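J.: sequence plus predicted model, see below.
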Amino acid sequence: MTDQDQALARQKVKAPTIFDVAKQAGVSIKTVSRVVNAEINVRASTREKVLAAINELQYRPNTAARVLSGKRFYVIGLIYENPNEFSYVQKVLNGALKACEAGGYTLLLLPLTLPNPDLIQDVRRFVSQSRLDGVVLPAPIGDFTSIQRLLTDLDIPFARIAPRMPLADELSIHCNDEQASFDVTQFLIDQGHQQLGFIKGDPIHAATAHRFEGYLRALKANAIEYHREYVQDGQFSFESGRSATRALLDLRSPPSAIIASNDDMAAGTIFEARERGLRIPEDLSVVGFDDTPIASRIWPPLTTVRQPIVEMAEALTGLLIQKLRGESVDLAERAFACHVVTRASTGPRRVN
């Protein structure tokens, strides 16, 4: 092989740079840096373009230069599912970033699309090339035992948000979804509603089962008979909320109130009901979960369950940093309280 051929070969295997990412995404280098460091002052559409370019080019920030320069440098990774609705992930990012900034750590991101046949290879590459000290795993990524095994084998400490089955010797944190669902169902029952529709979320999320269990417990506590036709499956998306609501409202005896397992599906419920000429809440009360921005922006504003997601992510990341520093950390699972936020989408059951 000639010297020219060798040079060409080296060029072919040259690792992509931040300049390549900026060119691919059509943005400035500074914007790429902001996305990589999880800064919040980046538009969602721009962030998505940059993340797509990072994934396509398999770009990983070169932290070695900063390490060799003598600066103190620690890195925590956040591995998350890249959902259609970004507000939950954005809150997790905000909380984790606050803790990293306070602790002198850099936060690096790995968004994953599920299902993903290359899941473990992608995570292994991210961990090794980014020189991570620890990893934060929101749901549902944290429930993948293959990822847990990989991080354990690589001796990378990790912390999980809302795990399905918390482990005795790990850092984890969650909101009491079952109790929150009980509370919001009881709220509707107290307003006179007996025929209560329920829209489940994506079964891959542990919260889906917990929220359904709270609904069932509230029915039982109030001696209300459970009707299978009042329960519909959803996928945490606006369209799945519309579809589930369509089935509920087509029943011979439709519910007077519908509980959707997240705000996007609840927005779909309100849209479908209004398309049929129903008044909210006079003809149908609607509640959601998570108190995402859409809850206060739709009309009427949505009664929902507020989770302290930012605070949960910040607290958990802070505990992980303490563990990485060798400080004493209480490894017990922590539960955060949720509460019902009452808005105009709910009201007393109308008596015909």
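T.: Nice, thanks for sending it over. Numbering: from 1, shown residues only.

J.: just checking: what are the partner strands of the strand or helix carrying S172?
T.: Element membership for S172, per DSSP states H and E: strand 171-175. Its sheet considered, strand 171-175 pairs with strand 158-161 (parallel), strand 334-336 (parallel) by DSSP bridges.

J.: show me which helix or strand of this protein is least confident by mean pLDDT.
T.: In the chain, no helix or strand scores lower on mean pLDDT, DSSP states H and E than helix 64-68, which sits at a mean of 42.

J.: can you tell me the strand partners of the helix or strand that that one is followed by and which way each runs?
T.: Proceeding N to C from helix 64-68, the next assigned helix or strand is strand 75-81, under DSSP H and E. Using DSSP bridges, strand 75-81 pairs in its sheet with strand 106-112 (parallel), strand 134-137 (parallel).

J.: ok, and what's touching the shortest one?
T.: Strand 134-137 is contacted from outside by 76-80, 92, 96, 127, 147, 151, 156-161, 313, 316-317, 320-321, 323-324, using CB atoms under 8 Å, 6 or more residues apart in numbering. Quick note: C-beta positions are derived from backbone N, CA and C, even for glycine.

J.: where in the chain is pLDDT low?
T.: Along the chain, the parts satisfying pLDDT under 70 run over 1-14, 36-41, 60-73, 83-86, 168, 331-333, 352.

J.: tell me which stretches of it form strands.
T.: Secondary structure of the chain (DSSP state E): strands located at 75-81, 106-112, 134-137, 158-161, 171-175, 196-199, 231-232, 257-260, 285-287, 304-306, 334-336, 339-341.

J.: hey, which of the ones you listed is tucked in deepest?
T.: Mean neighbour count (mean count of other CB atoms under 10 Å) peaks for strand 257-260 among the strands of the chain, with a mean of 30.

J.: sheet partners, orientation included, of it?
T.: By DSSP bridges, strand 257-260 pairs with strand 196-199 (parallel), strand 285-287 (parallel).

J.: would you confirm that S253 contacts Q195?
T.: Yes: under the criterion of CB atoms under 8 Å, S253 makes contact with Q195 at 6.7 Å.

J.: these two: which has the busier surroundings?
T.: Q195 (16 against 9; other CB atoms under 10 Å).

J.: my read: the more buried one touches I259, true?
T.: No: look at Q195 against I259 with CB under 8 Å: they stay out of range, at 11.7 Å.

J.: can you list the domain ranges for this protein.
T.: 28-175+310-336, 177-307 (automatic domain parsing).

J.: now do the same end-to-end measure for the first one.
T.: Its start and end residues considered, domain 28-175+310-336 measures 39 Å (CA to CA, to the nearest Å).

J.: quick one: it to chain centroid distance?
T.: Counting by CA atoms, centre = their mean, to the nearest Å, domain 28-175+310-336 is centred 12 Å from the centre of its parent chain.

J.: which non-adjacent residue is nearest R349?
T.: G192 (3.8 Å; CB to CB, 6 or more residues apart in numbering).

J.: contact partners for that neighbour?
T.: G192 is in contact with P348, R349, V351, counting by CB under 8 Å, 6+ apart.

J.: what ranges does the protein have for its helices?
T.: 3-13, 18-25, 29-36, 44-57, 64-68, 87-103, 119-130, 145-153, 177-190, 206-221, 238-249, 263-275, 294-297, 309-324 (DSSP state H).

J.: can you list contacts of the fourth one?
T.: In this case it means helix 44-57. Helix 44-57 is contacted by residues 16, 20-21, 24-27, 31-32, 35-36, 42, 59, 82, 86, 90, 109, 111 when judged by CB under 8 Å, 6+ apart.

J.: what about 6 Å?
T.: P16, D20, V21, Q24, A25, V32, V35, F86, P111 (CB atoms under 6 Å, 6 or more residues apart in numbering).

J.: compute the inter-axis angle for it and helix 18-25.
T.: 120 degrees (axes from the mean of the first three to the mean of the last three CA atoms, to 10 degrees).

J.: now helix 44-57: buried residues?
T.: T46, R47, E48, K49, V50, L51, A53, I54, L57 (16 or more other CB atoms under 10 Å).

J.: what angle do that helix and helix 119-130 make?
T.: Relative orientation of helix 44-57 versus helix 119-130 (the same axes, to 10 degrees): 90 degrees.

J.: of the strands paired with strand 75-81, which is nearest L188?
T.: strand 134-137 (33.6 Å; CB to CB).

J.: just the C-alphas of that closest one, formatted as PDB.
T.: This file holds the C-alpha atoms of strand 134-137, laid out as PDB (Å, rounded to 0.1, in the frame of the first residue of the first chain):
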ATOM      1  CA  GLY A 134     -21.800   6.600  36.400                       C
ATOM      2  CA  VAL A 135     -25.200   6.400  34.600                       C
ATOM      3  CA  VAL A 136     -28.700   7.500  35.300                       C
ATOM      4  CA  LEU A 137     -31.400   5.300  33.800                       C
END
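
J.: against G95, how distant is the residue nearest to P281 when sequence neighbours are not counted?
T.: Nearest in space to P281, with sequence neighbours left out and distances taken as CB to CB, 6+ apart, is G347 at 3.7 Å. Between G347 and G95 the distance is 34 Å, computed by CB to CB, to the nearest Å.

J.: likewise T17?
T.: For T17, the distance to G95 - CB to CB - is 30 Å.
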